[in-house]
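1. Below is the sequence, then the predicted model.
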Amino acid sequence: MVQGVTMAGTIRPLQRPVPLRQSVYDALIDLIVGGELPSGQHMVETDLARQLGVSRQPIREALHRRRPKAGWTCGPARAPSCTCPPIRKWTSC
């Protein structure tokens with residue numbers, strides 16, 4: 001900006017991209033609701049990461065984001081897999 005020159009309010013804030021963990025979370029919900037991940041099926045981090053084309057970290061973040069809301073159940077850290085919930089639990093998402 002040149003000293004003494006102001007812009008007439010035409011600058012808009014930049015739009016921020018959606019975090020990868022949010023995109024992964026949304027994709028997991030779509031897969032469950034769409035029936036591609038059936039109720040009771042184990043969701044393994046490495047398999048999901050490969051299928052979605054991301055690393056395991058955003059998968060892990062997405063899985064643990066839903067966990068406190070009782071949507072899916074996750075096993076211990078040594079065996080990172082989760083179980084899809086029954087479809088009726090997703091009606092409030």
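-> On my side now, so go ahead.

2. Isn't Thr46 up against Gln57?
-> No - if you go by Cβ atoms under 8 Å, Thr46 and Gln57 don't touch, sitting 11.8 Å apart. Backbone N, C-alpha and C define where each C-beta goes, glycine included.

3. same for the longest helix seen in the chain, what does it pack against?
-> Of all segments of type helix in the chain, defined using DSSP state H, the longest is helix 20-33. Packed against helix 20-33 by the contact rule (3 or more Cβ pairs under 8 Å, 6 or more residues apart in numbering; DSSP states H and E) you find helix 45-52, helix 56-66.

4. In TSV: these, plus mean neighbour count and distance to Pro13.
-> Converted to TSV, those look like this (neighbours: other Cβ atoms under 10 Å; distance: least, Cβ to Cβ, whole Å):
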stretch	mean neighbour count	distance to Pro13
helix 45-52	16	30
helix 56-66	19	25
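
5. To Thr10, which of the ones you listed lies closest?
-> Nearest of these to Thr10, taken as Cβ to Cβ: helix 56-66 at 35.9 Å.

6. how about the longest helix of the chain: buried residues?
-> Across helix 20-33, burial judged by 16 or more other Cβ atoms under 10 Å covers Leu20, Arg21, Val24, Tyr25, Ala27, Leu28, Ile29, Leu31, Ile32.

7. The fifth one contacts Gly53, doesn't it?
-> No - taking contact to mean Cβ under 8 Å, the distance of 10.2 Å between Ala27 and Gly53 leaves them out of contact.

8. rewinding a little: closest to Glu61 out of the buried residues of helix 20-33?
-> When these are compared against Glu61 (criterion: Cβ to Cβ), the nearest one is Arg21, at 4.1 Å.
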